[in-house]
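[1] Quick check, what structure comes out for this input:
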Amino acid sequence: MNTSTLSASSRPHGDTVISILGAVALVHLLNDLTQAMLPSIYPMLKAQFGLTFAQVGLITLTFQCTASLLQPWIGLYTDRRPMPWLLPMGMVSTLIGVLMMSVAGSFPALLLAAALIGVGSSTFHPEASRVARIASGGRFGFAQSLFQVGGNVGSALGPLLAAAIIIGRGQGNIAWFALLVAAAILVLVRVSRWHSAHLAGLPRKAAAHAVSPLSKGRVYGALAVLALLVFSKYIYMSSLSSYYTFYLIDKFGLSVSSAQMYLFLFLAAVAAGTFMGGPIGDRIGRKRVIWISILGAAPFTLMLPYVSLFWTAVLSVVIGFVISSAFSAIVVFAQELMPGKVGMIAGIFFGLMFGVSGIGAAAMGHIADVAGIAYVYKLCSFLPLLGILTVLLPHIEQPHR
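    Below you'll find the predicted structure:
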């Protein structure tokens, strides 16, 4: 990275550093691809270890808790004392977790492996989100969407790679995913060098003097509303990402491989919606995007439990595209509410995303054991109606680009 590029990238509205945005998006892809491998192999693990749905949910809960609880604290600490080299160091935990998952011989060992993968994720997201914002050149929504869509593409590819590499070939083949994690570590070494060079030329106290235009009460109230919107969005998303294959197998009699293809279609739609949400938010305002994304998904989620296989596939794609466009807008909206707390806000909302998804997965696993997997989708279909809470968010003027 030459001096002129670095200088421009250190200004709040300088040039967008596409190479760095591409690098963090690529690692987000590899990181979330590895994470998506977990729910994709649940049917195999359930059969091999004789797990109940509740135990499957506990695997997700364990991963999501370690991936969520650490994130706000890491973000808060690195807001004050940036640690660029935390990025590759944290990914080493994911590498160890993947290798352990490939040889685990018991349910507790599976939980420990899932926990280590979660720790790697919790160190990656806050700092990588900060790097994306620094490299954005002021195009915050675009940068957050590009970063986030990398993760969504990885989540979409995860089931396909799991089906091609692991399903039908045995637990040991999980170790092939360690090669992808190792590649992510190498890319993060380069990103960390760029981040370190950027910090060397940046006035360290600058962000600390940034002040929100709103009162503390309005800020905390708006953050609470955003948290509830994340709750509604990710509880529903968790019902699809964790149990969609089981639902398709149970209701329509599909094979595991066929069901994972439908899961891929849903996750691909999520990736497309995520990419669109940020740039549209830069242009028309984040609050409008949040309105359309969450409340706009409600008619489709309410229809999903009652339609045929064809329309299930169509509606899941529409739901994935619409509902996924909100997250980038929510994160950037929250960062604008609390300027100077970029890492903490990213940690809170990525952590909330993982935590809510984990708790939801565990709860829905119990509900599925008691009432059946189809009932889960009837129950969750009402969650997007909470999008009406968007009316309580303050209006923040944004430049049109």
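[2] how's this protein carved up into domains?
    The chain breaks down by the TED database into domains covering 18-197, 216-392.
[3] end-to-end on the shortest one?
    As for domain 216-392, its first-to-last residue distance stands at 15 Å under the measure Cα to Cα, to the nearest Å.
[4] Quick check: residue 133 vs residue 233, distance?
    Plainly put, residue 133 is 21 Å away from residue 233 if you go by Cβ to Cβ, to the nearest Å. In this view, the C-beta of every residue, glycine as well, is placed from N, C-alpha and C.
[5] Tell me which of these two has more neighbours.
    Each of residue 133 and residue 233 has its neighbours counted (other Cβ atoms under 10 Å); residue 233 has more, 26 against 22.
[6] so the more buried one makes contact with residue 294?
    Yes. Counting by Cβ atoms under 8 Å, residue 233 touches residue 294, with 5.9 Å between them.
[7] Look up the residues that both of those two are in contact with.
    Shared contacts of residue 233 and residue 294 (Cβ atoms under 8 Å, 6 or more residues apart in numbering): 323, 326, 384.
[8] Tell me which helix or strand comes right after the helix or strand that contains the first one.
    It stands for residue 323. Assigned by DSSP states H and E, residue 323 belongs to helix 309-324. Sequence-wise, the next helix or strand beyond helix 309-324 is helix 326-337, with elements assigned using DSSP H and E.
[9] low-confidence ranges in the stretch 301-401 of the chain?
    340, 350-355, 357-358, 396-401 (pLDDT under 70).
[10] Can you classify residue 394 as helix, strand or coil?
    What DSSP: H, G, I helix; E, B strand; the rest coil gives for residue 394 is coil.
[11] ok, now which ones touch it?
    The contact partners of residue 394, by Cβ under 8 Å, 6+ apart, come to 214, 218, 222.
[12] Closest to residue 31 out of those?
    Among these, residue 222 lies closest to residue 31 (Cβ to Cβ), at 29.1 Å.
[13] got the contact list for that closest one?
    Contact partners of residue 222, counting by Cβ under 8 Å, 6+ apart, are 214, 333-334, 337, 392-394.
[14] Which residue is the nearest non-sequential neighbour of residue 256?
    What sits nearest to residue 256 in space, not counting adjacent residues and going by Cβ to Cβ, 6 or more residues apart in numbering, is residue 43, at 5.2 Å.
[15] cool, residue 190 as well?
    residue 23 (6.6 Å).
[16] where's that neighbour, which helix or strand?
    helix 18-40.
[17] just how off-centre is that helix within its chain?
    Offset of helix 18-40 from its chain centre (Cα atoms, centre = their mean, to the nearest Å): 10 Å.
[18] Next SSE downstream of that helix?
    That would be, after helix 18-40 and using DSSP H and E, helix 42-49.
[19] Residues in contact with that following helix: which ones?
    Residues from elsewhere that reach helix 42-49 (Cβ under 8 Å, 6+ apart): 51, 56, 59, 106-107, 110, 166-167, 171, 242, 245-246, 249, 256.
[20] Would you mind checking the residues you listed for buried ones?
    By neighbour count, with 16 or more other Cβ atoms under 10 Å, the contacts of helix 42-49 hold 51, 56, 59, 110, 166-167, 171, 242, 245-246, 249, 256 as buried.
[21] Need the CA coordinates for stretch 364-374. CSV is fine.
    What follows is stretch 364-374, C-alpha atoms only, in CSV (Å, rounded to 0.1, in the frame of the first residue of the first chain):
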residue,chain,number,x,y,z
MET,A,364,-36.7,-23.9,18.7
GLY,A,365,-35.0,-27.3,19.0
HIS,A,366,-37.0,-27.9,22.2
ILE,A,367,-40.2,-26.8,20.6
ALA,A,368,-39.5,-29.1,17.6
ASP,A,369,-39.0,-32.0,20.0
VAL,A,370,-42.3,-31.3,21.8
ALA,A,371,-44.6,-30.0,19.0
GLY,A,372,-42.9,-30.9,15.7
ILE,A,373,-40.7,-29.0,13.3
ALA,A,374,-43.6,-27.6,11.3
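[22] what's the nearest residue to residue 89 if we skip its chain neighbours?
    Nearest residue to residue 89, sequence neighbours excluded (Cβ to Cβ, 6+ apart): residue 123, at 7.2 Å.
[23] is it true that that neighbour touches residue 70?
    Yes. Between residue 123 and residue 70 there is a contact under Cβ under 8 Å: 7.1 Å.
[24] more neighbours, these two?
    Set residue 123 next to residue 70 and count neighbours by other Cβ under 10 Å: residue 123 wins out with 25 against 21.
[25] so what's that one up against?
    Counting by Cβ under 8 Å, 6+ apart, residue 123 touches 70, 74, 86-87, 89-91, 93.
[26] One more: residue 309?
    Taking Cβ under 8 Å, 6+ apart, we find residue 309 in contact with 248, 252, 254.
[27] can we see that at 10 Å?
    248, 251-254, 262 (Cβ atoms under 10 Å, 6 or more residues apart in numbering).
[28] same thing with residue 384?
    By Cβ under 10 Å, 6+ apart, the contact set of residue 384 is 229, 232-233, 235-236, 293-302, 319, 322-323.
[29] From residue 270, how far off is it?
    Going from residue 384 to residue 270 by Cβ to Cβ gives 14 Å.
[30] got it, and residue 264?
    To residue 270, residue 264 is 10 Å away according to Cβ to Cβ.
[31] Point out where this structure drops to low pLDDT.
    Flagging of the chain using pLDDT under 70 yields the residue ranges 1-16, 201-213, 340, 350-355, 357-358, 396-401.
[32] Quick check: the gap between residue 82 and residue 253.
    Applying Cβ to Cβ, the value for residue 82 to residue 253 is 53 Å.
[33] Give me the more crowded residue out of the two.
    Counted by other Cβ under 10 Å, residue 82 and residue 253 do not tie: residue 82 has more neighbours, with 20 against 10.
[34] For the lengthiest helix in the chain, buried residues please.
    Using DSSP state H, we find that the single longest helix of the chain is helix 216-252. Applying a neighbour-count criterion of 16+ other Cβ under 10 Å, one finds 219, 222-223, 225-226, 229-249, 251 buried in helix 216-252.
[35] just checking, next helix/strand downstream of that helix?
    Per DSSP H and E, helix 216-252 leads on to helix 256-284 as the next helix or strand towards the C-terminus.
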